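> Any chance you can model this:
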Amino acid sequence: MNMFSIPVFKRAIQIGRWLCLHLTIALHLASCAEDESPDSRKKQFTSIFDRNEYNARFAPLDVVQTGDEGYLVLGERKVPGTTWSGIYILKADAHGNFQGELLPEQHYVNPVGGWMPHNGGFAFVAMDTGSQGAVIVEVDADAQLLSITPLSGFTYPAAASADGDGILLLSYNHADRTTVISRHDFSGTTLLGPRSFSIGAGDEVEEPIMEHFLRTGKRFPFQVGKASGAYYFNGFINYTFSLVFTDLQADQPMGIVYGQQDDGGFSAIHPVEGNTFALARFNFGDNYLLPKAELQLNNVVSAVNLGGFTFPEMTPDATVKILNTRIDEREVLIYATNTRSKQVGLFFYDRTDGAFLSSRYLGFSNPYEVGALSVTRDGGLIIGATTWLAGRFPRICLLKLPPEDLRKHAK
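The predicted structure follows:
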């Protein structure tokens, strides 16, 4: 294998069939000297995880820092001979070096949501292609499989999130053509719900939903969560991709923020406080960021009326991730998205008043698309992205930004 030692590269480390390209080019290119100290390598790095399989495709969905200061990546991979996205889990050390991986059986596909801490390990929801049923997958911090638990009666999982000691699940019932929201414990027992909402009649309504699950069409930003005492989901109802509020007890929703059929709606939702949300929405290719939006949870309104800030550099109907963090004494919202120039764009806003603070663009020799981001123990940022080696091979990449880098964007 090749070993890189020129200033813009760290050593490449190969384990099994993996090649980890560890670049410590200081992402702002401000320093010519390379600091080889362990602390420096923990604070800032870019690692690209390559395989020698020609048709392998990988993309990150979530990343979390583990107790050993390493990182656990939840991702998806191409399943040969099908359109499904298989499960892929990667473990990296504190410096971004490859440590291990987990590839569950190929009939477990379409991982959704993100990491949910449980009993010292981490869980997520996926689907069994044999039954189209939802399952809870649990692993430890070293990417070792612990258990796979069926969620009986729930098919086509679209999104999941942690809710205290339980799991909120958004799923789709193909037989009844309904969007379903429910709450479960980690043993698979249903605690609340389910509540089902019709997507509307006609094959043309269901077609984009099934294409999402089969990975043959548009990928929708399904989401489920809890805010201000109510539950919400971002999914289909009454022919339209919408944000729906429910108490998970009544058959009718509390309120709905309608999108534009399957051409408009919310691309990201982050509850801030009370009825205040940080939002991002898409509408026929355009994108709008709303760092401080007040929503009445019991009203029926249109997302188009909410306005928002536009960024022409964002890709049409862009993927958006929102993170709430504290930088020094300031509460900050970080929006991560994809740009037309194939970079990851970071937009910083003051959480209190929604004021724009600054922007940052990541990406140099390879194209990048954001998959996930989270705060690290040192107050920095870890970003899981997809990059294309040689412009054609989709691979997982981790980008670590140091805390002092973020401070410059929160002033």
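> Count the residues that sit near N305.
Applying other C-beta atoms under 10 Å, we find 8 residues neighbouring N305. Bear in mind the C-beta positions are built from the backbone N, C-alpha and C, glycine included.
> Let me know the secondary structure of it.
Three-state assignment for N305 (DSSP: H, G, I helix; E, B strand; the rest coil): helix.
> Please apply the same query to S131.
Here S131 is coil, with the state taken from three-state DSSP.
> leaving aside the residues next to it on the chain, what's closest to it?
Take S131 and drop its neighbours on the chain: the residue closest to it by C-beta to C-beta, 6 or more residues apart in numbering is T155, 7.4 Å away.
> residues contacting that neighbour?
127, 131-134, 171-174 (C-beta atoms under 8 Å, 6 or more residues apart in numbering).
> could these go into TSV alongside neighbour count, pLDDT and distance to M314?
Listed next are the contacts of T155 as TSV, based on neighbours: other C-beta atoms under 10 Å; pLDDT from 0 to 100; distance: C-beta to C-beta, whole Å:
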residue	neighbour count	pLDDT	distance to M314
M127	27	98	30
S131	12	95	38
Q132	17	97	34
G133	18	98	36
A134	30	98	32
S171	31	98	30
Y172	25	98	28
N173	17	97	33
H174	14	95	33
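> Any regions of the protein where pLDDT drops low?
Within the chain, the set of residues satisfying pLDDT under 70 comprises 1-38.
> Can I get the contacts of T155 in a markdown table including distance to H184?
Shown next, in a markdown table, are these (distance: C-beta to C-beta, whole Å):
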| residue | distance to H184 |
| --- | --- |
| M127 | 15 |
| S131 | 17 |
| Q132 | 17 |
| G133 | 13 |
| A134 | 9 |
| S171 | 11 |
| Y172 | 16 |
| N173 | 16 |
| H174 | 20 |
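> Specify which member of those is nearest to D405.
The shortest gap between D405 and any of the contacts of T155 belongs to M127, at 38.0 Å (C-beta to C-beta).
> tell me which element the closest one falls in.
Using DSSP states H and E, M127 sits in strand 121-128.
> Paired strands for the helix or strand where T46 lies, with orientation please.
Using DSSP H and E, T46 sits in strand 45-51. Sheet pairing of strand 45-51 (DSSP bridges) gives strand 18-23 (antiparallel), strand 393-401 (antiparallel).
> next structured bit after the first one?
It refers to strand 18-23. Immediately after strand 18-23, counting by DSSP H and E, sits helix 38-43.
> what distance separates that following helix from the centre of its chain?
Helix 38-43 sits 26 Å away from the centroid of its parent chain (C-alpha atoms, centre = their mean, to the nearest Å).
> How about stretch 379-386?
11 Å.
> Then stretch 127-134?
With C-alpha atoms, centre = their mean as the basis, stretch 127-134 stands 21 Å off its chain's centre.
> gap between the two ends of it?
Terminal residues of stretch 127-134 lie 5 Å apart, using C-alpha to C-alpha, to the nearest Å.
> From the chain's centroid, how far away is the longest helix seen in the chain?
Taking DSSP state H as the criterion, the chain has its longest helix at helix 203-214. Between the centre of helix 203-214 and the centre of its chain there are 21 Å (C-alpha atoms, centre = their mean).
> and the angle from it to strand 121-128?
130 degrees (axes from the mean of the first three to the mean of the last three C-alpha atoms, to 10 degrees).
> thinking again about what came up before, and the contacts of T155, which is closest to E331?
Nearest to E331 out of the contacts of T155 is S171 (C-beta to C-beta; 33.3 Å).
> Report the contact partners of that closest one.
134, 154-158, 179-182.
> again, but for S341
Applying C-beta under 8 Å, 6+ apart, the residues near S341 are 313, 361, 363.
> same thing with G255?
G255 makes contacts with 244-245, 295-301, as judged by C-beta under 8 Å, 6+ apart.
> out of those, who's nearest D286?
Looking at the contacts of G255 and their distance to D286, the nearest is V301, at 18.6 Å (C-beta to C-beta).
> which residues does the closest one bridge with?
V257.
> Look up how far E294 lies from it.
Distance of V301 to E294, computed by C-beta to C-beta, to the nearest Å: 11 Å.
> Can you pick out the residue with more neighbours from these two?
V301 (14 against 10).
> any idea how far L243 is from the more buried one?
To L243, V301 is 10 Å away according to C-beta to C-beta.
> any residues in contact with both of the two?
Counting by C-beta under 8 Å, 6+ apart, the contacts common to V301 and L243 are 256-257.
> all strands for the stretch 101-250 of the chain, in order.
Remark: strands assigned in the stretch 101-250 of the chain by DSSP state E, counting those that start in this stretch are 108-118, 121-128, 133-139, 145-155, 157-163, 166-173, 178-184, 190-198, 223-227, 230-237, 240-246.
> Arrange these in JSON lines, one row each, with distance to I327 as further columns.
What follows is the strands of the stretch 101-250 of the chain, written out as JSON lines (distance: least, C-beta to C-beta, whole Å):
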{"stretch": "strand 108-118", "distance to I327": "22"}
{"stretch": "strand 121-128", "distance to I327": "26"}
{"stretch": "strand 133-139", "distance to I327": "31"}
{"stretch": "strand 145-155", "distance to I327": "35"}
{"stretch": "strand 157-163", "distance to I327": "24"}
{"stretch": "strand 166-173", "distance to I327": "29"}
{"stretch": "strand 178-184", "distance to I327": "33"}
{"stretch": "strand 190-198", "distance to I327": "36"}
{"stretch": "strand 223-227", "distance to I327": "23"}
{"stretch": "strand 230-237", "distance to I327": "27"}
{"stretch": "strand 240-246", "distance to I327": "28"}
